[in-house]
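A.B. asks: Got a predicted structure here, sequence first:
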Amino acid sequence: MGLKPFDRNEVIKLIEDEDIAELWKYNLQYSDLSGTDLRAANLSCVNLSGADLSGTDLSGTDLSGANLSGANLSGASLSCANLRNVSLCSADISSSVLYEANLNGANLSGANLCNASLDGADIGNANLNGANLCGAKIDFSCLPLWCGGLNIKIDVRIARQIAYHLCSMQCDDPEFITVRNAMLPFANKFHRVKECGRLEKGE
């Protein structure tokens, strides 16, 4: 038996009633849920690939294991949302708020995160390979140090932030010290240098 065609009003009611069993009977791929209030909803393991979720309030929502590949999440609020193991490949998350969101194990490869707020988000184990972080705010978050953290597109603000953190590390290897000292003028343009302190050359 095939899935029921998308009915916006019915689907929103099922989400509000937390009737996941009935929700799974609907085809939510490429559905239009833009601008809706889905705070603290349970959407775990739901297939929302290609869906329009722009401007949607998903703060505190459980989206763990959901498929959001190619979804439009521009301007959405995902603060404190559970995005653990979610697929966001090629999704548009530009200008979204992901403050303290759990993105542990999420696949964000190729995603557009331009101007997104990732302050405090858990992205340490996320796959960000090829993701666009230009304009994103990543204070109090972390970047993955495995191959899922390669080929990320960043802007100069983030580059300075990463350079500052690298230069603040303590390593007495002469090669590191040479590279660190050469990088200091760039690193000291970090947007929080007044708060964290200007770094000085080492010997």
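C.D. replies: Thanks, I have it.
A.B. asks: Next, the buried residues of the lengthiest helix in the chain.
C.D. replies: Of all the elements of type helix in the chain, the one with the most residues (DSSP state H) is helix 174-187. Buried residues in helix 174-187, counted by 16 or more other Cβ atoms under 10 Å: 180, 183-184, 187. (Glycine included, C-beta is placed from N, CA and C.)
A.B. asks: Between these, which sits nearest residue 47?
C.D. replies: residue 187 (43.3 Å; Cβ to Cβ).
A.B. asks: in which helix or strand would I find residue 143?
C.D. replies: Per DSSP states H and E, residue 143 falls between elements, in no helix or strand.
A.B. asks: The closest residue in space to it that isn't next to it in sequence: neighbour count?
C.D. replies: Of all residues not flanking residue 143 in the chain, residue 149 sits nearest, at 5.4 Å (Cβ to Cβ, 6 or more residues apart in numbering). Using other Cβ atoms under 10 Å, the number of residues around residue 149 comes to 18.
A.B. asks: Looking at residue 149 now. What's its pLDDT?
C.D. replies: On pLDDT, residue 149 comes in at 87.
A.B. asks: Show me how this protein divides into domains.
C.D. replies: Listed domain ranges for the chain are 1-154, 158-196 (source: automatic domain parsing).
A.B. asks: what about the last one, how long is it end to end?
C.D. replies: Criterion Cα to Cα, to the nearest Å; first-to-last residue distance in domain 158-196 is 16 Å.
A.B. asks: got it, and stretch 137-149?
C.D. replies: By Cα to Cα, the extent of stretch 137-149 from end to end equals 16 Å.
A.B. asks: neighbouring contacts of the helix or strand of the chain at the bottom of the mean pLDDT ranking?
C.D. replies: Ranking every helix and strand in the chain by mean pLDDT, DSSP states H and E puts helix 20-23 at the bottom, with a mean of 90. Residues outside helix 20-23 that contact it (Cβ atoms under 8 Å, 6 or more residues apart in numbering) are 11, 14-15, 42, 44, 46.
A.B. asks: from the chain's centre, how far out does the helix or strand following it sit?
C.D. replies: Next helix or strand after helix 20-23 toward the C-terminus (DSSP H and E): helix 156-167. Computed by Cα atoms, centre = their mean, to the nearest Å, the chain-centroid distance of helix 156-167 equals 19 Å.
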